[in-house]
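>>> Based on what follows, work out the 3D shape:
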Amino acid sequence: MGWSTMRDGRSTMRDGRSADGTGEHVCWWATGDINAFFGVMLDNVSDMILMASLLVGVFGFPAEFGLTRMIPGTAVGVLVGDLIYTVMAVRLARREGRSDVTAMPLGLDTPSTFGSVFLVLGPSFRAELERQEMAGIAADPVAAAEHAWYVGITMLVAAGLFKVACAPVSGWIRRRCPRAGLLGSLVAIALVIISFLPLLEVAATPVTGMVSLALVLATLTARWRLSGWLVGLLTGLGMGLMGVAASGGTEVGWLVGLGIAGLATLALARLEEIPGSLVAVCVGAGLTHLFTLVGSGAGLTPPPVGGLGFWLPLPLGPWWDWLKAHGLEAAGYLPVVLPLALATVIGGIDCTESAAAAGDRYATEPIVAAEGVATLAAAALGGVIQSTPYIGHPAYKAMGGRAGYTLATGVFVGALGVFGSFGWVFHVLPRAAVYPILVFVGVEIAQQSFRATPRRHYPALVLACVPALAYLAYLMVDRLAGEVDLRMGTLGPAFGTYGAEVQQWLQVLTTLAGGFLVTSLLWGSWLAWLIDGRWRVASLALVFGAMLAWVGVIHSPLRGSPILWPSQVEERLKAEGRLEASRPLLPHQWALAYLGMSAVVLVVGRTGKGPTAAQGMEPDGDAGSETDGPKRSGPWIEKAEPTR
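You can find the predicted model right below:
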């Protein structure tokens, strides 16, 4: 008994019964999985390329070492996580008798990619080279790279264990925090990071990028369906040109490309609906390769150097021997790594809430535990970047994705990493042709988050976006001013030559961006609780914020928000020449600020009256909350918030 696919992406049994859970089978694959696959796959591949290019270009890391030792395990970690999430989606579909369950996407964490490269791998690599020089030993970049690799494995093990330890309490956090706090950070990330940053790549080659973007928005946002010989021909030609590019433009490559174009055209033209993202990617890639052939310079990535191979290191034995001798040195990086792991735990909780708002109610604890297991699996095979649930679930569900796209992503990314072929992806599939899918993902997440949040909590949702805007500004300053290198932690060699006002502005930006996911959760939650009249809980949340600021989990003036006592923070700032610019921004100042906010909320709750509908707050019918004070606080908050 087989399957067929309907025009809206749903699947039916070939005997005509709908795969809606009434039978023993579930729908785990639909045409929408093709759309979703491109978005998740390219995001993962771009992170791996980013890690390798930064290590080689910034720190002089041996390129072959990163390709054969670090990349394979990192990619296999994605495979393990996506397989777990695929199984979870199938089990949820069977348990609820549904055919529209979408798997949670998983991939490499982009902030952790930057953090690991600039705060762990790169510094440990350079430190080992300096030790070699001080010992009078000839510089050995491979030995230094191996040392940094073991440091990265140690940090990945620590991150994985931390996530697994946090999993049992993750559901409790999700149940206690209002949806505005959980989704607020996702809205900001969706708009400023997932949509805006890829849009820069799209706009860099506007003919390719904007044509692909128009196709993505027309098919995935406006929901127009494409079919017929013309669409099939354009898509097939794009596939053929990609085949020519993959073969290096040889005569044989042209024959292969023409064959691919013809077969693809015949196959696609017969479909009732051609996946919109497939059309957009193929047309955009075809335009890029066509312009490259005629010499217009459309921004095609050069083909990677080197051939294919098979690499799957098993480093745990040598790593354990290394750890016995260098354990204290490795522990010095924990204050940087644990906040990055905490951010992915918070992100996993947020993503679970986002999926629930879209209709797929996963248990939080297994979601967070699975990302911990995937991180540990990557470490066991030499990986150095942690994995995390991606926030695009609502968008991939809107595309019609089920569980097939996570399975395909895991297998594809794992194979690319093990065989060393990930560099070919961006040669054949230009960024400008694929990144429009990420623009759609960001827009879809943002609008879905607002739909899922009670209207009275919109101010809290917007407030929760602000820390992520600071993080975007942080990235832009780093990219636009090479001498202001926030990632290296020195703000460039010319920091001391800047005026006092500029220095302080840069440090304010650093403190607002530090731990922004946790800050977003805190800000959105306390304001939502206060709107609901729960002023005691809001006040306690701000006290908790003071504790987090005191140890640097949020608002640290140092790179990476390391967990340090205030005295240690001052020592590091003094060593980096930034202490004077950070005087008003030290941890104890931020702790006092949160305690002051808590006192304000206590006074307001004790002496004031809550808002009423007549004052502009209209009651909602879907998500009220209990109050800590009298029922006078508003007509919509007398009923308890339903359990999610």
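>>> distance of Ile193 from Thr221?
Distance, Ile193 to Thr221, by Cβ to Cβ, to the nearest Å: 19 Å. From N, CA and C alone the C-beta is placed, and that goes for glycine too.
>>> higher neighbour count, those two?
Set Ile193 next to Thr221 and count neighbours by other Cβ atoms under 10 Å: Ile193 wins out with 19 against 16.
>>> Tell me where the model's unsure across the stretch 251-400 of the chain.
Confidence mapping of the stretch 251-400 of the chain against pLDDT under 70 gives the ranges 296-308.
>>> For it, which segments count as strands?
387-389 (DSSP state E, counting those that start in this stretch).
>>> Can you tell me what sits against stretch 52-67?
The contact list for stretch 52-67, computed with Cβ atoms under 8 Å, 6 or more residues apart in numbering, reads 51, 70-71, 114, 117-118, 121-122, 125-126, 141-142, 145-146, 148-149, 306, 311, 420.
>>> Now list the buried members of those residues.
51, 70-71, 114, 117-118, 121-122, 125, 141, 145-146, 148-149, 311, 420 (16 or more other Cβ atoms under 10 Å).
>>> So among the residues you listed, where is pLDDT lowest?
The lowest pLDDT within the buried ones among the contacts of stretch 52-67 belongs to Phe114, which sits at 74.
>>> Does that one lie in a helix or a strand, and which?
Per DSSP states H and E, Phe114 falls inside helix 110-116.
>>> Among the buried ones among the contacts of stretch 52-67, which lie within strands?
Using DSSP state E, no member of the buried ones among the contacts of stretch 52-67 sits in strands.
>>> Just the ones in helices from the residues you listed, please.
Under the assignment DSSP state H, the buried ones among the contacts of stretch 52-67 contribute Met51, Ile71, Phe114, Gly122, Phe125, Pro141, Ala145, Glu146, Ala148, Trp149 to helices.
>>> could you dump the residues you listed to a markdown table with distance to Val425?
Formatted as a markdown table, these follow (distance: Cβ to Cβ, whole Å):
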| residue | distance to Val425 |
| --- | --- |
| Met51 | 15 |
| Ile71 | 13 |
| Phe114 | 21 |
| Gly122 | 25 |
| Phe125 | 26 |
| Pro141 | 27 |
| Ala145 | 24 |
| Glu146 | 27 |
| Ala148 | 26 |
| Trp149 | 24 |
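>>> Which one of these is nearest to Pro315?
Within these, the smallest distance to Pro315 is 7.5 Å, found for Trp149 (Cβ to Cβ).
>>> Return the residues in contact with the closest one.
Contacts of Trp149 by Cβ under 8 Å, 6+ apart are Phe65, Arg69, Met70, Leu121, Pro315, Gly382, Val384.
>>> Could you pull up the mean pLDDT of the helix or strand containing the first one?
With the criterion set as DSSP H and E, the secondary-structure element containing Phe65 is helix 63-65. Per-residue confidence for helix 63-65 averages out to 86 on the pLDDT scale.
>>> And for stretch 210-227?
Averaged across stretch 210-227, pLDDT comes to 89.
>>> chain center to that stretch, what's the gap?
24 Å (Cα atoms, centre = their mean, to the nearest Å).
>>> cool, and stretch 326-345?
Relative to its parent chain, stretch 326-345 has a centroid offset of 19 Å by Cα atoms, centre = their mean.
>>> Now do the end-to-end distance for that stretch.
End-to-end distance for stretch 326-345, by Cα to Cα, to the nearest Å: 28 Å.
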